[in-house]
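Visitor: I would like to see how this sequence folds:
(one chain, ligands or ions: 5)
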Amino acid sequence: MKAFFLISLTLITTSLFTTFSFSHEASEASVKTDLETYIVVVEKPDGLLESKLHDWYTTFLPEATSSLIPNQQRIVHSYHNVITGFAAKLTPQEAKAMELKEGFISARVERPVSLHTTFTPKFLGLQQNVGGWKSSHYGEGVIIGLIDTGIKHDHPSFFDKGMPPPPAKWRGRCDFNGKRTCNNKLVGARNFIWDGDAPVEAIPHGSTDLPWEEAYHGSHTSGIAAGCPVEGANVFGQANGTATGIAPRAHVAMYKACAVSCYDGDLLAAIDAAIDDGVDLLSISIGPESPFPFYYDVIALGAFRAIQKGIFVSCSAGNDGPYPSTVTNDAPWILTVGASTIDREIRATVKLGNNVELHGQSLFQPKDFHPRQPLPIVHPAAISNNESAAVCEKGSLKNIDVKGKIVICHMGQLRIEDKGKEVKDNGGAAMIVFNEQDDGYTTLATANVLPASHISYKDGLVLKNYLISTQSPTATISFQGTLIGKSQPAPQMASFSSRGPSTQSPGILKPDIVGPGLNILSAWGVSIDEATNPFNVISGTSMSCPHLSGVAALIKSAHPDWSPAAIKSAILTTAYTADLNGNPISTEQNVSATVFDRGSGHVHTLRALNPGLVYDIEPDDYIPYLCGLGYSEQQVRYIVQRKVNCSTPTLIPGAQLNYPTFSMVLGAGDQMTYTRTVTNVGRPFSTYISKVLSPQGVAVKVMPSVIRFKDLNDKASYTVTFTRLENVTRSSIIGQGSLVWNSIGDDGYKVVSTIAVVFV
Ligand SMILES: *[C@@H]1O[C@H](CO)[C@@H](O)[C@H](O)[C@H]1NC(C)=O
Ligand SMILES: *[C@@H]1O[C@H](CO)[C@@H](O)[C@H](O)[C@H]1NC(C)=O
Ligand SMILES: *[C@@H]1O[C@H](CO)[C@@H](O)[C@H](O)[C@H]1NC(C)=O
Ligand SMILES: *[C@@H]1O[C@H](CO)[C@@H](O)[C@H](O)[C@H]1NC(C)=O
Ligand SMILES: *[C@@H]1O[C@H](CO)[C@@H](O)[C@H](O)[C@H]1NC(C)=O
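Guide: Numbers count the residues shown, from 1 in each chain. Ligands and ions are numbered 1, 2, ... in the order given. I've put the predicted structure just below:
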């Protein structure tokens, strides 16, 4: 859903959009308009030393004499981890000419990619000195690398009081123009944005001469993952409390790859560097604009290189929901995170002239808004047939009499804050924004410039019915502050959260998991209300991803030897699927969510720290899987960075990967058998019994149905056969269920694998 997509992005762009033209074009635009940044992939000659790579890359550049710009300014990034190759400024002719050079593999123009909490630790079951935080040492010793927009290094969330130094293996650095230094919380900060002639050697935040200093997305995500506790964090007094990251003792390293826009060449360089520096986890709240094959998707490529080095990778699923098959960052070696709500609302209640009350949200909660009488309502969509007026776009209300009135704006594709500015500029007294049908009950608490409330689609219908029922409709808004546990069922899917099934790999269930992503408070670059510490409330899968990165850091701290796949398995098999009222987690329409909406469910931090069994995957196990996707040996080789033979070992279908969930497409009469191997990480001498909740229309048989383990780290395999039943009437084209391994005894381990079926 595009309107929300803009939330995470436009909060960044608002102040910059008009003034900042992207530097790729800025510096030499007049003479060299043909130059674009190409990502060039080459073959590494046998025996070439790592230190000689860059020099060798320069041999692919055009002859210096015929060059438009000197060759030393051509190479933007020199890669060595994720791919063998470089990013360089070239004309199409020059790129073409390179094809003749020996060792050349491919060249393409870099692509744009998109950027897609006082309270959330408690919602995730984390409290001071007990349970999850205590047993995981608050994430101590773990370094989370964030690929993002930079960081406000002097924000109180990144102070290092009581933090130990980073582990000795840390090789990262801080590039703050020599002026600013890192500390034990923020242990690294590097920049990968090309600025005309040279990469900018500074993290832009706080420096006065760089135009993208106001991109606070990266501060927000870093604060969610690992911010240290800051008391009295709030905006306009709302969501007040101690703001803390999910892993408050983990270290943060920022790799700035985005400013107003992001390009995948910079992203690749950032991941390359993070791998060198020795991060333990990567948190990437950025995605391609649409799903790509994995060999063509730099985040998938970078993440593969990362997991080969034992680095866990968590990514946002995308903000293109609620539509099917919109999920991105869907490679099986990535944790793909969707967004759901928390049970907090910042309530702004609309009271109509007929006394009907509609509960919406607004972060701005003015104390001095007490009109003597209900205000007259004006509904621009009913007066003007111009769509810009219906959504209260800038400049659209100047011929409409909104003075002193309460203005009704449709949601459309526009930020609520911007609608509010237009209403205020034209003398409107207040604003009500109601959702389009697709966004249902997902409402945003935004920092409006006037009294306002964002209400659901259903409440919008009530409002519209009221408008046609009376000649002179009126309303007022009252502000109820921050309420816990009163809102819609929670967790509930946020409408914008991208949905499965995965287009690239239908044999893997995506998204994997959901976590808090709606109206999340975290660190910000400036104080929105000019009164308190700089925090802001924003929404997106950009916000849910770092929650899961924080959870992964806690698991890594508790179990330093676990592989990325084992950590993911722990998160997926312990997720919960019922909301706080005990009903199935619902969608933005308040109907039960499917497995393609919510994946395995909502993260359960405590259980994820102690899952009993894990489904582990070695990096090489992905090779038969990748071959099975129909990729050529060359394409697979590009991902795994070594020669592969797709006939040995035999290819496997996606659902045969040792993944902690099952996803398959079943045609008439189909029967599929898959094997899984579980590793005992719970207790020695334990016994597990399988229990299946079969999808409607599918018979599921597990062999054996009892598994016994003697020692810790013992492995055991089982097979599971899925048979499509033709004699059962199905109510849906998708089927969902689960396969659970329950331990016998007091441990109460419950290892749940979600089953997703598409019938064709
Ligand atoms: C926020 O909470 C703290 C501690 O409970 C309290 O002292 C402070 O006054 C609160 N601030 C606001 C703006 O409500
Ligand atoms: C609608 O209003 C906008 C803003 O005032 C204006 O730019 C646009 O031309 C109008 N469109 C039509 C079709 O009149
Ligand atoms: C949403 O669904 C729940 C459970 O079915 C129900 O109790 C609640 O009233 C519904 N909320 C709305 C606003 O329809
Ligand atoms: C790949 O493996 C198959 C089966 O072992 C073998 O026949 C084939 O020659 C191998 N291909 C290459 C290029 O090595
Ligand atoms: C459907 O067919 C399966 C296998 O052929 C059989 O085991 C099952 O009892 C049948 N179910 C019904 C409702 O007839």
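
Visitor: residue ranges for the strands of the stretch 551-700 of the chain, please.
Guide: 613-615, 662-666, 671-680, 686-693, 698-703 (DSSP state E, counting those that start in this stretch).

Visitor: just those strands: most buried one?
Guide: The highest average neighbour count among the strands of the stretch 551-700 of the chain, using mean count of other Cβ atoms under 10 Å, belongs to strand 613-615 at a mean of 26. Heads up, the C-betas are built off the backbone N, CA and C, glycines and all.

Visitor: What lies in contact with it?
Guide: Where contact means Cβ atoms under 8 Å, 6 or more residues apart in numbering, the residues beyond strand 613-615 that reach it are 562, 565-566, 569-570, 573, 658-660, 676-682, 688, 741, 749, 751, 753.

Visitor: Could you rerun that using 10 Å?
Guide: The contact list for strand 613-615 (Cβ atoms under 10 Å, 6 or more residues apart in numbering) reads 559, 562-563, 565-570, 572-573, 657-661, 676-682, 686, 688, 707, 709, 713, 715-716, 741, 743, 749, 751, 753.

Visitor: related to what we said a few turns ago, quick one: which of the strands of the stretch 551-700 of the chain is nearest residue 434?
Guide: Checking these against residue 434 by Cβ to Cβ gives strand 662-666 as the closest, at 36.1 Å.

Visitor: Sheet-wise, list the partners of that closest one with their directions.
Guide: strand 750-759 (parallel) (DSSP bridges).

Visitor: And for the residue of the chain found nearest ligand 4, the neighbour number?
Guide: Closest contact between the chain and ligand 4, by Cβ to the nearest ligand atom, is at residue 645 (3.7 Å). Residues lying near residue 645 (other Cβ atoms under 10 Å) number 11.

Visitor: What of residue 148?
Guide: Close neighbours of residue 148, defined as other Cβ under 10 Å, add up to 28.

Visitor: do you know how far it is from residue 37?
Guide: Distance from residue 148 to residue 37, counting by Cβ to Cβ, to the nearest Å: 20 Å.

Visitor: could you list every residue that touches the closest residue to residue 644 other than its chain neighbours?
Guide: Distance criterion Cβ to Cβ, 6 or more residues apart in numbering; nearest residue to residue 644, sequence neighbours excluded, is residue 636 at 4.9 Å. By Cβ under 10 Å, 6+ apart, residue 636 lies in contact with 294-295, 622-629, 642-646.

Visitor: Just the buried ones from these?
Guide: 294, 295, 622, 623, 624, 625, 626, 627, 628, 629, 644, 646 (16 or more other Cβ atoms under 10 Å).

Visitor: Which residue ranges make up each domain of the chain?
Guide: As given by automatic domain parsing, the domain ranges for the chain are 35-110, 114-340+491-608, 344-484, 658-759.

Visitor: ends of the last one, how far apart?
Guide: In domain 658-759, first residue to last residue: 22 Å (Cα to Cα, to the nearest Å).

Visitor: Could you pull up the mean pLDDT of it?
Guide: Averaging pLDDT along domain 658-759 gives 96.

Visitor: Can that domain be said to contact ligand 5?
Guide: Yes. Domain 658-759 comes into contact with ligand 5 (Cβ under 6 Å from any ligand atom), by way of 725, 727, 728.

Visitor: ok, so what distance separates the first one from ligand 3?
Guide: Right, the one you point to is residue 725. In this view, residue 725 and ligand 3 are 29 Å apart by Cβ to the nearest ligand atom, to the nearest Å.

Visitor: shouldn't that residue be in contact with residue 757?
Guide: No. Look at residue 725 against residue 757 with Cβ atoms under 10 Å: they stay out of range, at 11.4 Å.

Visitor: what sits in contact with each of those two?
Guide: Jointly contacting residue 725 and residue 757 under the rule Cβ under 10 Å, 6+ apart are 666, 694, 695, 696, 697, 698.

Visitor: For the strand or helix carrying residue 336, name the packing helices and strands.
Guide: For residue 336, the host element (DSSP states H and E) is strand 335-340. Judged by 3 or more Cβ pairs under 10 Å, 6 or more residues apart in numbering; DSSP states H and E, the packing partners of strand 335-340 are strand 281-284, strand 312-316, strand 513-516, helix 541-558, helix 564-573, helix 595-598.

Visitor: how about those, which one is nearest ligand 2?
Guide: Closest of those to ligand 2 is helix 541-558, at 30.3 Å (criterion: Cβ to the nearest ligand atom).

Visitor: returning to what we had before: with mean neighbour count and distance to ligand 2 added, can I get the helices and strands packed on strand 335-340 in a markdown table?
Guide: Converted to a markdown table, the helices and strands packed on strand 335-340 look like this (neighbours: other Cβ atoms under 10 Å; distance: least, Cβ to the nearest ligand atom, whole Å):
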| stretch | mean neighbour count | distance to ligand 2 |
| --- | --- | --- |
| strand 281-284 | 31 | 37 |
| strand 312-316 | 31 | 33 |
| strand 513-516 | 30 | 37 |
| helix 541-558 | 31 | 30 |
| helix 564-573 | 27 | 47 |
| helix 595-598 | 25 | 36 |
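
Visitor: which one of those lies closest to ligand 5?
Guide: Ligand 5 lies closest to helix 595-598 among the helices and strands packed on strand 335-340, at 23.4 Å (Cβ to the nearest ligand atom).

Visitor: Using PDB, write down the CA coordinates of the closest one.
Guide: Extracted in PDB, the C-alpha atoms of helix 595-598 (Å, rounded to 0.1, in the frame of the first residue of the first chain):
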ATOM      1  CA  VAL A 595       0.200 -17.700   6.700                       C
ATOM      2  CA  PHE A 596       1.100 -15.500   3.700                       C
ATOM      3  CA  ASP A 597       0.200 -12.400   5.700                       C
ATOM      4  CA  ARG A 598       2.000 -13.200   8.900                       C
END
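
Visitor: That helix: how far from the chain's middle?
Guide: Centre-to-centre, helix 595-598 and its host chain are 15 Å apart (Cα atoms, centre = their mean, to the nearest Å).

Visitor: Now that helix: average pLDDT?
Guide: Here the average pLDDT along helix 595-598 is 98.

Visitor: Packing partners of it?
Guide: strand 335-340, strand 513-516, strand 662-666, strand 734-743, strand 750-759.

Visitor: Next SSE downstream of the shortest one?
Guide: Using DSSP H and E, the next helix or strand after strand 513-516 towards the C-terminus is strand 520-523.

Visitor: likewise the first one?
Guide: The C-terminal neighbour of strand 335-340 among helices and strands, as given by DSSP H and E, is strand 344-352.

Visitor: packing partners for that next one?
Guide: The helices and strands touching strand 344-352, judged by 3+ Cβ pairs under 10 Å, 6+ apart, are helix 120-123, strand 238-243, strand 357-361, strand 430-434, strand 452-455, helix 457-469, strand 474-484, strand 520-523.

Visitor: any idea what sits nearest the residue of the stretch 301-450 of the chain found nearest ligand 3, other than its immediate chain neighbours?
Guide: Here the residue of the stretch 301-450 of the chain nearest ligand 3 is residue 441; by Cβ to the nearest ligand atom that distance is 6.4 Å. Nearest residue to residue 441 in three dimensions, chain neighbours excluded: residue 456, at 4.6 Å (Cβ to Cβ, 6+ apart).

Visitor: how about the residues of this structure that lie near ligand 5?
Guide: So far as Cβ under 6 Å from any ligand atom goes, the chain lies against ligand 5 at 725, 727, 728.
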